[in-house]
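Visitor: Okay, here's the prediction I keep looking at, along with the sequence it came from:
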Amino acid sequence: MVRKRIAPSAGTLVVLEHHSQVLAGNPLGDPHVRKLAVWLPPQYDEGGTKGRGRRLPVLYDLVGFTGSGLAHTSWKPFGDNVPERAARLIHERKMGPAIFVFPDCFTALGGNQYVNSSAIGAYADYLTKELIPFVDREFRTLAAREHRGCFGKSSGGYGAIVHGMKYAKHWGAIANHSGDAYFDFVYHHDWPNTLNELARYREPKRVAGAYDVLAETRARKGLADGCDDGRVQRFLDAVWKREKLSAAEGHAIMNVCMAATYDADPKAPLGFRLPFNLETGERLDARWRNWLKHDPVRLVARYAGNLRQLKGIYIDCGWRDQYHIHYGTRILSQRLAEAGIRHTYEEFDDNHSDVDYRMDVSLPFLYRALRP
């Protein structure tokens, strides 16, 4: 265990090495030994000697796609990292002391959505069945759902709202910043670009001239069922060999990751299916329906009972979000209101990027909901 002092009065960052049984043997071969960062506020040792101090609420930070928990503890230009932000908010008396946990859920596909997938790994179980009990054993948390919350942005925001829906017995409150919702808007429009990127790895390579579409599609069996004809695997093999991805490659691996999350199928060549025919670009409605089963705007009614158990639901999004997520969060808020589920929804004049400053609103909200 390594203790890293951030500043004289800014709390203590503890970095642990956690050996996961849940992630052992995961389909992507990702490490099952992960660094787990935990930030303890200055007040953690108040009220007695070591081991006898006060117990505190705990907040889990679910980072966005391509992120890792430790990234939110690193030096940040022109602003605070999460421990610095929490220390400042506590010092300013905008919130009380809480423990912050920073899980590492990065994968070879750039991340995950904090759900269980047979193609990626059981990351919901990793959080709820391993990390929560581990943290409660190692630190003086208020070890009950009423005092435990999670928050995140983008994929992390999606993870937070879905955990509030499906795993309410573990969480007392959630905060969702710009979380993926309304998949017909958020994901659908970018797939043509992803298909073009994947086409670079088509074999045989295209040559100018006559193109027999019927013969090509018949020769590539499985495309109509969302299977890979080899180009996705070649794409992944290529990007895994490099340290720098282009913007197009970054969006393509994100969509591949979402397919592995939302439509996992152990019988498919890659362990998952794709929502579009790789050659013709036709949307495969049977496959797309599997994606929509994971769309938060379609899950509210099913999980309304769990959502009502939460002590706090906070959602926000910039009204210039370049991925159009503000439309999804508006629909999500509407669905919650129609179901009579209390929540706070806010919008602000910004896009999807660099909006960590919104935690100045969400973290005090979570503390008020979870404080003893």
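Guide: Structure received.

Visitor: Surely residue 171 touches residue 147?
Guide: No. Using CB atoms under 8 Å, residue 171 is not in contact with residue 147, being 10.2 Å away. (C-beta placed from N, C-alpha, C; glycine too.)

Visitor: how much space is there between residue 212 and residue 227?
Guide: 21 Å (CB to CB, to the nearest Å).

Visitor: So which of the two has more stuff around it?
Guide: Neighbours were counted for residue 212 and for residue 227 using other CB atoms under 10 Å; residue 227 has more, 21 against 9.

Visitor: So that one, which state does it fall into?
Guide: Three-state call for residue 227 (DSSP: H, G, I helix; E, B strand; the rest coil): coil.

Visitor: contacting residues for it?
Guide: Going by CB atoms under 8 Å, 6 or more residues apart in numbering, residue 227 touches 221, 268, 269, 273, 274.

Visitor: Neighbour count for residue 171 and residue 147, which is higher?
Guide: Under the criterion of other CB under 10 Å, the comparison of residue 171 against residue 147 puts residue 171 first, with 27 against 22.

Visitor: wait, doesn't residue 311 sit right on residue 171?
Guide: No. Residue 311 lies out of contact with residue 171 (CB under 8 Å); the separation is 9.3 Å.

Visitor: ok, and what's touching stretch 228-236?
Guide: Applying CB under 8 Å, 6+ apart, the contact partners of stretch 228-236 are 108-109, 197-203, 220, 222-223, 249, 252-253, 256, 268-270, 274, 278-279.

Visitor: What are the buried residues along it?
Guide: Going by neighbour count (16 or more other CB atoms under 10 Å), the buried part of stretch 228-236 is 228, 229, 231, 232, 234, 235, 236.

Visitor: Correct me if wrong, but the fifth one is in a strand.
Guide: Think residue 234. No. Secondary structure assignment (three-state DSSP) places residue 234 in helix, not in a strand.

Visitor: Tell me the confidence at it?
Guide: For residue 234, the pLDDT comes out at 98.

Visitor: downstream neighbour of the lengthiest helix in the chain in the secondary structure list?
Guide: The residue-count maximum for a helix in the chain (DSSP state H) belongs to helix 247-262. The helix or strand immediately downstream of helix 247-262 is helix 285-292, counting by DSSP states H and E.

Visitor: In that next one, which residues are buried?
Guide: 287, 288, 290, 291, 292.

Visitor: Same question for stretch 347-354.
Guide: Buried residues in stretch 347-354, counted by 16+ other CB under 10 Å: 347, 350, 351, 352.

Visitor: What's the end-to-end length of it?
Guide: For stretch 347-354, the first-to-last residue distance is 15 Å (CA to CA, to the nearest Å).

Visitor: what about it, average pLDDT?
Guide: Stretch 347-354 comes out at a mean pLDDT of 97.

Visitor: Which residues does it contact?
Guide: 154, 178, 316-323, 325-326, 329, 355, 358.

Visitor: again, but for stretch 23-30
Guide: 31-32, 34, 106-109, 118-123, 126, 271.

Visitor: Mean confidence (pLDDT) on that stretch, please.
Guide: Here stretch 23-30 scores 97 as its mean pLDDT.

Visitor: mind listing the helices for this protein?
Guide: Using DSSP H, helices in the chain cover 82-91, 123-125, 132-138, 155-166, 183-186, 191-199, 213-219, 231-239, 247-262, 285-292, 296-299, 304-309, 325-338, 359-370.

Visitor: Look up which residues are beta-bridged to the closest residue to residue 161 other than its chain neighbours.
Guide: Distances taken as CB to CB, 6 or more residues apart in numbering place residue 176 nearest to residue 161, at 4.4 Å, with adjacent residues excluded. Residue 176 forms beta bridges with residue 152, residue 315, as assigned by DSSP bridges.

Visitor: and residue 176, how many residues sit next to it?
Guide: The burial count for residue 176: 33, using other CB under 10 Å.

Visitor: OK, contacts around it?
Guide: Shown in contact with residue 176 (CB under 8 Å, 6+ apart): 151, 152, 157, 158, 160, 161, 313, 314, 315, 316, 329.

Visitor: That one and residue 318, how far apart?
Guide: Counting by CB to CB - residue 176 and residue 318 are separated by 13 Å.

Visitor: how close does the nearest residue to residue 295 once chain neighbours are set aside sit to residue 331?
Guide: Spatially, and ignoring its direct neighbours in sequence, residue 295 is nearest to residue 183 (4.6 Å; CB to CB, 6+ apart). For residue 183, the distance to residue 331 (CB to CB) stands at 11 Å.

Visitor: Among those two, which residue is more densely surrounded?
Guide: residue 183 (21 against 18).

Visitor: rewinding a little: let me have the helices of the chain in CSV, extended by distance to residue 67.
Guide: Shown next, in CSV, are the helices of the chain (distance: least, CB to CB, whole Å):
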stretch, distance to residue 67
helix 82-91, 11
helix 123-125, 13
helix 132-138, 19
helix 155-166, 7
helix 183-186, 18
helix 191-199, 20
helix 213-219, 38
helix 231-239, 17
helix 247-262, 12
helix 285-292, 22
helix 296-299, 20
helix 304-309, 26
helix 325-338, 17
helix 359-370, 14
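
Visitor: so which of these is the most packed in?
Guide: Scoring the helices of the chain by mean neighbour count under mean count of other CB atoms under 10 Å gives helix 155-166 as the most buried, with a mean of 26.

Visitor: Many thanks, I have nothing further to ask.
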